[in-house]
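*Asks:* pasting the structure only:
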């Protein structure tokens, strides 16, 4: 009964395992694994972030806030966000890196690096999220 | 009773909700939401992909395959992959976009666009994963 | 005698030949040409644009206008702009591409694509400069 | 007579002034200067580097060496290199930064940072050109 209370919270921050498996199968079915070196996938990730950037480049910051609901741009934004996520998961997969562990570790480091009481309201205090 | 059995498998390809909530709290605690316009977050994403790229730029493709296990570079790679994932989830969050839906939709489109029997073994057939 | 007068103005839009030669010598002196494949140099270019982006990511557009004069950031901006220019010229060099010709051709195309009277004042009319 | 001998070499490494003026006029004629904040132009530069990257992402390094002469890809490469150069010069222009001075300063710094005799043949010795 009390074990549940004592048990550590083990819910992962992210779970990308099903997508990782789906992308592995997708590549294998097309014999594309030969092109998926980490170096190539990093470039593919860059290309997608470039496409995402092109959607936002002439927007004001205020305009950018509605890019997810504006029917003219929302679909394009969703597709580019998806592409970035696809390549990121595929890249972690071929590198044998556990994205959830990496994310948990980084978030912990950021919390130590930017204590809430010292970093409040200043973008100068940080270069990372 | 049997309805649960008949229900389709609805396991999401990715689940980033806990991370999304953690980043929301992280930003709120530091009063950083004011800096997190989608436009700014797209730039932050670009910066992290740039750092990731710098790790791989002089590697051969073959060398890049061991970047996840080489103790000299694995830690750096993990941190950059994590940073990309953090900003991607935060960006989707402020845009109100469901990353899992976007990913599922894109993967379905890619499957239609690149039929396994026609795309096999050719990088010319595709520009996307 | 008068032919020189009649000759069309042939001043190039850019002249990067001295820098191209300097970078060639710089690489040869260090035996670095072996690393300067176009693929690698494109990644190096990405890395530098990423560093440039990190300087501007949390600035408002208004703040960004003074980044060239603000003593805190001007030096960093100059260095990143220089890095982008260095890699761009080196990349064109190893590819055997004449940057001035490429630029003149592109500017001509842009002029045809975006006639001044039709494109005036609208960022929607164009995705390029 | 001897003055020429004593005079310092003052040939600039690059001269982009004519292009800078042409782009200024191009933007003014279309009333586009309003969109050309440094922040926006950095994003535009990112977008073009992303397009350049997409051309090279699935190539081997060896294949990338012929991208400037292969008729299938040379034209695309030239256009993207031109776009990067256009936005880079426009960005320096709106920031009031002299690209040639920035380049000369950076090249001098790189020469000090990577002495030819110590950096020879090692990509580990440097992260910059």
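*Replies:* Cool, the structure landed. The structure presented is a predicted model; accordingly, all values stated were derived computationally and were not measured.
*Asks:* what's the helix or strand for the spatially most central residue of chain A?
*Replies:* In chain A, the C-alpha nearest the mean C-alpha coordinate belongs to residue A:85, at 5.5 Å (C-alpha atoms, centre = their mean). Here residue A:85 is covered by helix A:71-95, with elements defined by DSSP states H and E.
*Asks:* hmm, that helix in reach of chain B?
*Replies:* Yes - counting by C-beta under 8 Å from any C-beta of the partner chain, contacts between helix A:71-95 and chain B involve A:74, A:77-79, A:81-92, A:94-95. For glycine as for every other residue, the C-beta is placed from the backbone atoms N, C-alpha and C.
*Asks:* quick check: angle from that helix to helix B:71-95?
*Replies:* 160 degrees (axes from the mean of the first three to the mean of the last three C-alpha atoms, to 10 degrees).
*Asks:* what are the buried residues along helix A:71-95?
*Replies:* Buried residues in helix A:71-95, defined by neighbour count with 16 or more other C-beta atoms under 10 Å in any protein chain shown: A:73-74, A:77-95.
*Asks:* so it, near chain C or not?
*Replies:* No - Helix A:71-95 is not in contact with chain C by C-beta under 8 Å from any C-beta; minimum separation 9.5 Å.
*Asks:* is stretch A:74-91 positioned near chain D?
*Replies:* No - shown here: stretch A:74-91 not in contact with chain D (C-beta under 8 Å from any C-beta), separated by at least 10.0 Å.
*Asks:* name the surrounding residues that touch that stretch.
*Replies:* When contacts are defined by C-beta atoms under 8 Å, 6 or more residues apart in numbering or on different chains, stretch A:74-91 is touched by residues A:16, A:19-20, A:23, A:27, A:36, A:38, A:41-42, A:44-45, A:48-49, A:51-52, A:55, A:67-68, A:99, B:14, B:45, B:81, B:84-85, B:88, B:91-92, B:95, B:97, B:99, B:101-103, B:105-107, B:128-129.
*Asks:* quick check on those: which are buried?
*Replies:* Applying 16+ other C-beta under 10 Å to these flags A:16, A:19-20, A:23, A:27, A:36, A:38, A:41-42, A:44-45, A:48-49, A:51-52, A:55, A:67-68, A:99, B:14, B:45, B:81, B:84-85, B:88, B:91-92, B:95, B:97, B:99, B:102-103, B:106-107, B:128-129 as buried.
*Asks:* can you tell me which of the residues you listed are in helices?
*Replies:* Per DSSP state H, helices hold the following members of the buried ones among the contacts of stretch A:74-91: A:19-20, A:23, A:27, A:38, A:41-42, A:44-45, A:48-49, A:51-52, A:55, A:99, B:45, B:81, B:84-85, B:88, B:91-92, B:95, B:99, B:102-103, B:106-107.
*Asks:* can you pull the domain assignment for chain A?
*Replies:* Domains of chain A are assigned by automatic domain parsing as A:17-97, A:98-129.
*Asks:* how about the ones you listed in JSON lines, adding mean pLDDT?
*Replies:* Shown next, in JSON lines, are the domains of chain A (pLDDT from 0 to 100):
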{"stretch": "domain A:17-97", "mean pLDDT": "97"}
{"stretch": "domain A:98-129", "mean pLDDT": "84"}
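*Asks:* closest to residue D:62 out of those domains?
*Replies:* domain A:17-97 (13.4 Å; C-beta to C-beta).
*Asks:* any figure for the gap between the residue in chain A that chain D sits nearest to and residue D:51?
*Replies:* Going by C-beta to the nearest C-beta, chain D is nearest to residue A:50 of chain A, at 1.4 Å. When distance is defined by C-beta to C-beta, to the nearest Å, residue A:50 is 6 Å away from residue D:51.
*Asks:* could you do residue A:56 as well?
*Replies:* If you go by C-beta to C-beta, the gap between residue A:56 and residue D:51 works out to 15 Å.
*Asks:* residue A:100 too?
*Replies:* From residue A:100 to residue D:51 the distance is 32 Å (C-beta to C-beta).
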